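In: Sequence first, then the predicted structure, then my questions.
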Amino acid sequence: MRPDGRKPDEMRPVEISPGYLKTAEGSVLITIGNTQVLCAASVESSTPPFLRNTGKGWVTAEYSMLPRATSTRTAREVSKGRASGRTHEIQRLIGRSLRSVVDMTVLGERSIILDCDVLQADGGTRVASITGAYVALALAVKQMVRYKMIPKSPLTGAVAAISVGMLHGEAILDLCYEEDSRAEVDANVVMTNDGRFVEFQATAENKSFDDEQMTLMTHLAKAGIADLIQLQKSVIDQA
């Protein structure tokens, strides 16, 4: 039995609230169980130096966690003078995931920056950030098209992410922190709406895994991501 009574293939309740920030071009608060992430999209009329005069835009992300998002206080990274390796890794993952469904030539020489701030952490903050950031990005793009900043949407598809793992020899979907800390295998899966993988990060913590277990986890991830993408579409269409 899972700590919250869920079945192995059952996700925690998911809610995506659009327009959470009135000042951002696109924003959402995504809640997955007790994990909450605020995702905001900002449009800037500039690109990184390596893209200047290419006619192409850029999509990137920044990630941070509030000091009391966790059960004990975590010092702000600004007080340490630099971001941690974990933060850099997550930022790059979010950026790669979003860029996989954006045509940079349609975006023109503009940047869209996604800020993902974890308000409360109970496992799965990086996958929640990706799922929520895509919706914030799509809302910003809708505004850009509406204001004729770009001739059409640069989005070529949708992208979402979910965690899966092996706990006590059983494949489970959407790990909370308690499960994540005890799992034999922990994986973060990022996929597009046409069923293609962007990233599959799987790590054996206590025990190695085989092809059959990988297949079980992949099956769970595909089903969970399909549900998330349907929710994303509903939120974007109604916004």
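Out: Sure thing, it's come through.
In: quick one: pLDDT of the closest residue in space to Pro8 that isn't next to it in sequence?
Out: In space, and not counting its chain neighbours, Pro8 is closest to Ile172: 4.8 Å by Cβ to Cβ, 6 or more residues apart in numbering. Where you see a C-beta, it was placed from the backbone N, CA and C, and this is true even at glycine. Listed pLDDT for Ile172 reads 98.
In: before we move on, what about Lys7?
Out: 97.
In: what's the neighbour count on it?
Out: Look at Lys7: counted by other Cβ atoms under 10 Å, it has 10 neighbours.
In: what's the answer for Trp58, then?
Out: Neighbours of Trp58 under the rule other Cβ under 10 Å: 20.
In: The closest residue to it other than its chain neighbours and Val102: what is the separation?
Out: In this structure, Trp58 finds its nearest non-sequential neighbour in Ser111, 4.6 Å apart by Cβ to Cβ, 6+ apart. From Ser111 over to Val102 the distance is 11 Å, taken as Cβ to Cβ, to the nearest Å.
In: same thing with Ser181?
Out: Separation of Ser181 from Val102 (Cβ to Cβ): 34 Å.
In: Neighbour count for these two, which is higher?
Out: Val102 (21 against 11).
In: contacting residues for the more buried one?
Out: By Cβ atoms under 8 Å, 6 or more residues apart in numbering, the residues touching Val102 are Gly57, Val59, Leu137, Pro154, Leu155, Thr156.
In: 6 Å - rerun?
Out: Val102 sits next to Val59, Pro154 when contact means Cβ atoms under 6 Å, 6 or more residues apart in numbering.
In: Tell me what the residue nearest to Trp58 is bridged to.
Out: On the basis of DSSP bridges, Ser111 takes part in beta bridges with Glu44, Trp58.
In: Could you count how many residues lie near it?
Out: Per other Cβ under 10 Å, the neighbour tally for Ser111 reads 17.
In: And Ala204, by the same measure?
Out: 14.
In: got it, and Ser71?
Out: 9.
In: Ramachandran coordinates for it?
Out: Per-residue torsions, Ser71: phi -70, psi -30 (degrees, to the nearest 10).
In: quick one: it and Asp180, what's the gap?
Out: 14 Å.
In: same question, Met214
Out: 18 Å.
In: quick one, strands of the chain?
Out: Using DSSP state E, the strands of the chain run over residues 14-18, 26-32, 35-44, 58-65, 111-120, 159-167, 170-173, 185-192, 197-204.
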